[in-house]
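**Q** predicted coordinates and the sequence they were generated for:
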Number of protein chains: 4
Amino acid sequence: MSSVSNDKHTAILDAAYTLFGSGGFYETKMSDVAEQAGIAKGTVYLYFKSKEELFLAVTRRDCEGYLEQLETKLKAQRGLADKLSVIAEHHLFYYYERKQHTKLFFRAPNNNPELVAYMAYFMEQYMQAVVKVLVEGGGSEPELMAQSYIGMLDRLKMDILFDPSFSETDAHKRAQFAASLFIRGAMDNLHPFQGDKLAE
Amino acid sequence: MSSVSNDKHTAILDAAYTLFGSGGFYETKMSDVAEQAGIAKGTVYLYFKSKEELFLAVTRRDCEGYLEQLETKLKAQRGLADKLSVIAEHHLFYYYERKQHTKLFFRAPNNNPELVAYMAYFMEQYMQAVVKVLVEGGGSEPELMAQSYIGMLDRLKMDILFDPSFSETDAHKRAQFAASLFIRGAMDNLHPFQGDKLAE
Amino acid sequence: MSSVSNDKHTAILDAAYTLFGSGGFYETKMSDVAEQAGIAKGTVYLYFKSKEELFLAVTRRDCEGYLEQLETKLKAQRGLADKLSVIAEHHLFYYYERKQHTKLFFRAPNNNPELVAYMAYFMEQYMQAVVKVLVEGGGSEPELMAQSYIGMLDRLKMDILFDPSFSETDAHKRAQFAASLFIRGAMDNLHPFQGDKLAE
Amino acid sequence: MSSVSNDKHTAILDAAYTLFGSGGFYETKMSDVAEQAGIAKGTVYLYFKSKEELFLAVTRRDCEGYLEQLETKLKAQRGLADKLSVIAEHHLFYYYERKQHTKLFFRAPNNNPELVAYMAYFMEQYMQAVVKVLVEGGGSEPELMAQSYIGMLDRLKMDILFDPSFSETDAHKRAQFAASLFIRGAMDNLHPFQGDKLAE
DNA sequence: TATGAATGAGTTTTCATTCAT
DNA sequence: GATGAATGAAAACTCATTCAT
């Protein structure tokens, strides 16, 4: 609880986030993490019992932050269209701001049941957040809809990660594109402007 | 190119596909591949220079098969809606038939530029195949559209991979869901029935 | 020498005795010793320079106690037979009372010259104590005799250590068995009842 | 089964016997064993799955050899006294010839149930071999007698191990000393010359 | 004195790759 | 071509010891 121990804990998570993210789980050595965090190898093990536990902690912190920020942003919006826009922006800008840490989500250790379980839990949470938005807007099959939207966004983020010339403006446009494509597609059972001032 | 050497080449690829796919790159040992292929460890190296090269070859064969089959199926269809349907079915059933080989695409070695390049190439090819369909149907931003569709499908496939109770019928429904959602979303710049006899 | 420091010194020795004894030298961590002693890890090093020194101190205290108690018990006896009996009882009951600490003597660190030297010194002392008894009884080769007796007892103790059902009565019988076997074997050059009131 | 593989297997056992014996289990590195055997580190693991397994194999080979040689020597003797003499000589000369490998029996890894079980098995076998000799000579409590004899010999061997000036003749004398001490001690229930020509 | 966070040397084991047969 | 015994680099993790507080 002391600020010192917290500092180190955070430093390790930050270092691991960077290295796991850019290099992947197997390619990252615990000694690299230690070095990047500016501490000794043994110290990492005072805070995290194993490399897998560290990876899980990094993933958890990242995912929790993702969902919390999304919730906050969604609360500031009234209308369905705005909310879907916010989701798209959040998804794309999250990666935009983390170009370095790309690989985290697809270069994980295999055969770690805890990690698999956590990722499933995260996806469920994310999906439910989207589902909630969709349900407020009315419409059937909200879960499939939510998954479709998330998948769309996840693919559209790829260029952001791999194309160095991708600008913030490009990301904005892409988010708007995704939101309108989805809203149009979902239109017959959604009421896009419900809750918007415009709609009143 | 002799039939004998070809036999072994194929046996190795098959073995590697099974093992990399179910266990992941790092979890699979070259000796396992050799054993599964029914040959000696050293022999693998007569056909593939390294583990990474083998992984790349497996990936390549898999992706090429994916695209070839897709092309064949697309040729049998006239209308845009049917073609988009075929794409969805192909994407979902490809994974449906390969539940065992789940991990191949997201448990690959990092930092292998050749692999990264090939995957980018594959995605480009896949996208262009979809783009071609969309362009025939008319409409703007075909590349973003294609990516959105592919992303949607890629997320919707997840339950297939992880939910053992997922049936063929479920997969069909899901493919149709994706196709209609996308078509509706894309409607203002696409002409869904163009090319269909019905549309004439 | 203050009572406080003495308390901790003793607490550490007690803790180390328990842990080294039941787990062995290599299996026991200094942090375990500290915890068992109810102090901090660093504190152990205020009292003992190293793990090996601690082990040596534990061994020393144990061996000294062994010899001191033996001397006391021997003083209470007059006759040779009684003295040999006391030696057997002491040897066997010492282990009987310390079943938990079995491993201390045969799970020690190697290559520690000081420890090797001390163990040799202890054996010499123990042997001389037995020799003294034998010499009083007359007879040749007292050192070989003493070693034989000690060896006999040391093997006979084994069941005590490893057989949980071994009772105090069993230990008594075994001690008597050893004493008579030895006395009979040594009879031609020993005068078994010399010094006993009965013998006068 | 090929002589080559057998050569290496033996070379590793020999190297391990020397190193474990002189340095102890924990003090011996697998890389030392490999070097001493003149092979690469990894090769050791082709023949023995782990350090513990190697230690067990070394112990087993040694103990089996001990018992086999003892049996052979005992078969060549008729009388009880001669047989007990042979046991003493075997016990002492076994160590005499293996001064370098002393520590094997008392510097073993802890907490290895397989090893503990094997050592118990070995002791039982050894004891039964002695018991068989004693029973042929008649007499009660043969197991305690056997243990006493073995213990005696085990202690008398110590000087052989640690005293570099100990000669073969010394070892002989010591063996004879042990045998006569034991025979005299056991005399009332044993018939020392039974089976000897002299006794007829 | 007492603490316990921090250190980093040290060892087992794995496995891709080689190469003599 | 085919084999599989041999290699040795590489990395996770432990734990005795130190030292700033």
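**A** Structure's in. What do you need? Numbering: from 1, shown residues only, chains lettered A, B, ... in the order given.
**Q** stretch A:168-184 near chain B anywhere?
**A** Yes - residues of stretch A:168-184 contacting chain B under C-beta under 8 Å from any C-beta of the partner chain: A:174, A:177-178, A:181-184. Using the backbone N, CA and C atoms, a C-beta is placed for each residue, glycine as well.
**Q** mind listing what's buried in that stretch?
**A** Buried residues in stretch A:168-184, defined by neighbour count with 16 or more other C-beta atoms under 10 Å in any protein chain shown: A:171, A:174-175, A:177-184.
**Q** can you count the residues close to A:S50?
**A** 11 (other C-beta atoms under 10 Å in any protein chain shown).
**Q** oops, could you answer that again for A:E124 instead?
**A** Neighbours of A:E124 using other C-beta under 10 Å come to 12.
**Q** what helix or strand does it sit in?
**A** Following DSSP states H and E, one finds A:E124 within helix A:113-136.
**Q** centre of the chain to that helix, how far?
**A** Relative to the centre of its chain, helix A:113-136 is centred 11 Å away, using C-alpha atoms, centre = their mean, to the nearest Å.
**Q** if you average pLDDT over it, what comes out?
**A** Helix A:113-136 shows a mean pLDDT of 93.
**Q** quick one: it near DNA strand F?
**A** No - with C-beta under 7 Å from any atom of the strand as the criterion, DNA strand F is not reached by helix A:113-136; the gap is at least 13.5 Å.
**Q** anything in that helix near chain B?
**A** Yes - using C-beta under 8 Å from any C-beta, helix A:113-136 reaches chain B at A:120, A:123.
**Q** how about that helix: buried residues?
**A** So, applying 16+ other C-beta under 10 Å, buried residues of helix A:113-136: A:115, A:119, A:122-123, A:126-127, A:129-131, A:133-134, A:136.
**Q** elements contacting it?
**A** helix A:51-75, helix A:80-96, helix A:142-156 (3 or more C-beta pairs under 8 Å, 6 or more residues apart in numbering or on different chains; DSSP states H and E).
**Q** so which of those gets nearest DNA strand E?
**A** Shortest distance between DNA strand E and the helices and strands packed on helix A:113-136, using C-beta to the nearest atom of the strand, is found for helix A:51-75: 13.8 Å.
**Q** just to revisit the earlier point, so which of the buried residues of helix A:113-136 comes closest to D:L13?
**A** A:L115 (42.6 Å; C-beta to C-beta).
**Q** so which strand or helix has the one residue in chain A that gets nearest to DNA strand F?
**A** Closest contact between chain A and DNA strand F, by C-beta to the nearest atom of the strand, is at A:G42 (3.4 Å). In the assignment (DSSP H and E), A:G42 maps to helix A:41-47.
**Q** who touches that helix?
**A** A:8-9, A:12, A:30-31, A:33-34, A:37, A:54 (C-beta atoms under 8 Å, 6 or more residues apart in numbering or on different chains).
**Q** let me see the contact set for the residue lying closest to A:M127 once chain neighbours are set aside.
**A** Of all residues not flanking A:M127 in the chain, A:A146 sits nearest, at 4.8 Å (C-beta to C-beta, 6 or more residues apart in numbering or on different chains). By C-beta under 8 Å, 6+ apart, A:A146 lies in contact with A:127-128, A:130-131, A:134.
**Q** one more: A:E143?
**A** A:127, A:131.
**Q** low-confidence ranges, chain A, go.
**A** For chain A, applying pLDDT under 70 flags the ranges A:1-5, A:100, A:102-110, A:187-200.
**Q** and the most centrally placed residue in it, how far is that from chain C?
**A** Central residue of chain A (C-alpha atoms, centre = their mean): A:Y66, 4.7 Å from the mean position. To chain C, A:Y66 is 38 Å away according to C-beta to the nearest C-beta, to the nearest Å.
**Q** could you do A:A171 as well?
**A** From A:A171 to chain C the distance is 51 Å (C-beta to the nearest C-beta).
**Q** assess the claim that A:R98 and A:T18 are in contact.
**A** No - A:R98 is beyond contact range of A:T18, at 9.8 Å (criterion: C-beta atoms under 8 Å).
**Q** who's more crowded, these two?
**A** Set A:R98 next to A:T18 and count neighbours by other C-beta under 10 Å: A:T18 wins out with 20 against 17.
**Q** hang on, the more buried one packs against A:D32?
**A** No - A:T18 is beyond contact range of A:D32, at 9.8 Å (criterion: C-beta under 8 Å).
**Q** could the residues of stretch A:168-184 next to chain B go into JSON lines alongside secondary structure and distance to DNA strand E?
**A** Output for those, formatted as JSON lines (DSSP: H, G, I helix; E, B strand; the rest coil; distance: C-beta to the nearest atom of the strand, whole Å):
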{"residue": "A:R174", "secondary structure": "helix", "distance to DNA strand E": "39"}
{"residue": "A:F177", "secondary structure": "helix", "distance to DNA strand E": "43"}
{"residue": "A:A178", "secondary structure": "helix", "distance to DNA strand E": "40"}
{"residue": "A:L181", "secondary structure": "helix", "distance to DNA strand E": "43"}
{"residue": "A:F182", "secondary structure": "helix", "distance to DNA strand E": "43"}
{"residue": "A:I183", "secondary structure": "helix", "distance to DNA strand E": "48"}
{"residue": "A:R184", "secondary structure": "helix", "distance to DNA strand E": "49"}
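**Q** now, among the residues you listed, which is nearest to A:D159?
**A** Relative to A:D159, and with distances defined as C-beta to C-beta, the nearest of the residues of stretch A:168-184 next to chain B is A:R174, at 8.0 Å.
**Q** what's the closest non-adjacent residue to that closest one?
**A** Closest to A:R174 by C-beta to C-beta, 6+ apart is A:L156, at 5.4 Å.
**Q** same check on A:L80?
**A** Nearest to A:L80 is A:G137, by C-beta to C-beta, 6+ apart, at 3.8 Å.
**Q** equivalent analysis for A:R98, please.
**A** Closest to A:R98 by C-beta to C-beta, 6+ apart is A:G21, at 7.3 Å.
**Q** same check on A:Q77?
**A** Nearest to A:Q77 is A:K83, by C-beta to C-beta, 6+ apart, at 4.8 Å.
**Q** and if you look at A:V44?
**A** Nearest one to A:V44, counting by C-beta to C-beta, 6+ apart, is A:A34 at 5.1 Å.
**Q** tell me the contacts of that neighbour?
**A** A:12, A:15, A:40-41, A:43-44 are the contacts of A:A34 under C-beta under 8 Å, 6+ apart.
**Q** between the residues you listed, which is nearest chain B?
**A** Ranked by distance to chain B (C-beta to the nearest C-beta), the contacts of A:A34 are led by A:A15 at 17.3 Å.
**Q** thinking again about what came up before, of the contacts of A:A34, grab the buried ones for ChimeraX.
**A** Here is the ChimeraX command that selects only those of the contacts of A:A34 that count as buried (16+ other C-beta under 10 Å):
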select /A:12,15,44
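**Q** residues from chain A in reach of chain B?
**A** A:23-24, A:26-27, A:103, A:106-108, A:110-111, A:120, A:123, A:141, A:144-145, A:147-156, A:158, A:162, A:174, A:177-178, A:181-188.
**Q** counting neighbours, which of those residues end up buried?
**A** Counted by 16+ other C-beta under 10 Å, the residues of chain A next to chain B give A:23-24, A:26-27, A:103, A:107-108, A:110, A:123, A:141, A:144-145, A:147-156, A:158, A:174, A:177-178, A:181-186 as buried.
**Q** count of neighbours near the residue of chain A found nearest chain C?
**A** Closest contact between chain A and chain C, by C-beta to the nearest C-beta, is at A:L46 (12.1 Å). The tally of other residues near A:L46 (other C-beta under 10 Å) stands at 13.
**Q** and what of A:E68?
**A** Neighbour tally, A:E68, other C-beta under 10 Å: 10.
**Q** and chain A, which residues reach DNA strand E?
**A** A:4-5, A:8, A:39-43, A:45-46.
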